[in-house]
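Participant: A structural model of the following input is requested.
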Amino acid sequence: MRIALLHYSKPPVIGGVERVIGEQAAALRMLGHEVEILTRKEWRVEGWDAVIVHNVFTMPFDLPWTKELIKLTRSRPDIRWINWVHDVRWSSQVPKAVHVAVSEFRQQEYARVAREPVRMIPNGCDAAAVLGLTERVKALELEKAGLVLLQPTRFVRRKNIECGLRLLAEIPEAVYLVTAAPDPHQKDGVKYFRELKRLARELGVHERVCFLGEKGVLTDHDVRSLYRMADLLFFPSTQEGYGLPLIEAALHGVPVFCSHIPAHREVAVGATFFKLTASPVGLARKIRAHPAVRARQLQRQMMVRLAWPRIVQEMLEPLLSGGNTP
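Facilitator: Next comes the predicted model:
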């Protein structure tokens, strides 16, 4: 489908609507549509199957253009017109179009003005771009996980990775991310890694633990992206000299659950400490009840809810193809 997106300005101009139309256009293109973003100077009426008008019908920054477009909605019914309402500052005339408001508040407000049905479709958000996620971390689709536990570590026995595997067995909705790969020059590290793989199979969690280093060395940017997507840092070491990930997690605002050992007590900020003898069942209960962990989960759920490809495919495309005719 050939689709035009209209607004008073467009990317790279910085603004909320400009970002929305840029991301909306990208999502439509991903689904196979031919899309152009046009301003007044670039606008042409011919060649479109559908025109999505962002705010021009309801914000009088160029009233002659607004009135011209409203006339076209009546004289060119061969074009599918979508009135995408972000704001309402002018409503003397209402276009013959499918009306879409970006929130329930705007939906109710514009319905009183238009006296016609108004659909509600939220503006999406390219969360991966906002967070600066790397392609490698984006491919993990962590936003779809129930709970994301992160342990940035090497395969050294004092890191106590088996504790995380036993915890994982008590949280069936969770995934457990371990960053390192076994060092082939460290024989015990390779042996330890094999033991962990075997334990993961025995516990039935092998499909939910990701030893990320197996598929190549992670970059610093990859690790930063993992912090942005993690619900908590799980750090159950039996011994440490310092504990740098505890500081990194705090700087990223990631809740920390760590073992109650001297180095951790010295460097951790706002962490939840647990004894090395703590039961996985009890740890799982504390993690699920932690308000900061729950807040991180809700943020990832928002990423799914506001993903542009989902919004376009499930909510916008049916309108473009003629569903809910105005």
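Participant: which positions in stretch 274-292 come out as buried?
Facilitator: Residues of stretch 274-292 classed as buried by neighbour count (16 or more other Cβ atoms under 10 Å): 274, 278, 280, 283-284, 287, 290. For glycine as for every other residue, the C-beta is placed from the backbone atoms N, C-alpha and C.
Participant: next step: the residues you listed restricted to strands.
Facilitator: Where those overlap with strands, as defined by DSSP state E, the overlap consists of F274.
Participant: which pair in the buried residues of stretch 274-292 spans the largest distance?
Facilitator: P280 and H290 (15.6 Å; Cβ to Cβ).
Participant: which SSE is immediately downstream of the helix or strand harbouring L246?
Facilitator: According to DSSP states H and E, L246 maps onto helix 244-251. Helices and strands here follow DSSP H and E; after helix 244-251, the next one along the chain is strand 256-259.
Participant: which residues in the stretch 201-326 of the chain form helices?
Facilitator: Remark: helices assigned in the stretch 201-326 of the chain by DSSP state H, counting those that start in this stretch are 220-229, 244-251, 262-267, 280-289, 291-305, 308-311, 317-320.
Participant: and of those helices, who's closest to E34?
Facilitator: When the helices of the stretch 201-326 of the chain are ranked by proximity to E34, the top entry is helix 317-320, at 12.4 Å, counting by Cβ to Cβ.
Participant: alpha carbons of the closest one, as CSV, please.
Facilitator: Output for helix 317-320, consisting of C-alpha atoms alone and laid out as CSV, is shown next (Å, rounded to 0.1, in the frame of the first residue of the first chain):
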residue,chain,number,x,y,z
GLU,A,317,-3.5,-2.0,9.2
PRO,A,318,-7.1,-3.1,9.7
LEU,A,319,-8.1,0.6,9.4
LEU,A,320,-5.9,1.2,6.3
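Participant: packing partners of that helix?
Facilitator: With contacts defined as 3 or more Cβ pairs under 8 Å, 6 or more residues apart in numbering; DSSP states H and E, helix 317-320 has these neighbours: strand 80-85.
Participant: how far away is the most centrally placed residue in the chain from T277?
Facilitator: Central residue of the chain (Cα atoms, centre = their mean): M303, 3.0 Å from the mean position. M303 sits 37 Å away from T277 when distances are taken as Cβ to Cβ, to the nearest Å.
Participant: re earlier: please convert the buried residues of stretch 274-292 to JSON lines, extending it with pLDDT and distance to G47.
Facilitator: Formatted as JSON lines, the buried residues of stretch 274-292 follow (pLDDT from 0 to 100; distance: Cβ to Cβ, whole Å):
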{"residue": "F274", "pLDDT": "98", "distance to G47": "64"}
{"residue": "A278", "pLDDT": "97", "distance to G47": "66"}
{"residue": "P280", "pLDDT": "98", "distance to G47": "62"}
{"residue": "L283", "pLDDT": "98", "distance to G47": "61"}
{"residue": "A284", "pLDDT": "98", "distance to G47": "58"}
{"residue": "I287", "pLDDT": "98", "distance to G47": "55"}
{"residue": "H290", "pLDDT": "98", "distance to G47": "55"}
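Participant: now the farthest one out in this protein, which residue is it?
Facilitator: Max radial position in the chain (Cα atoms, centre = their mean) goes to S75, at 40.6 Å.
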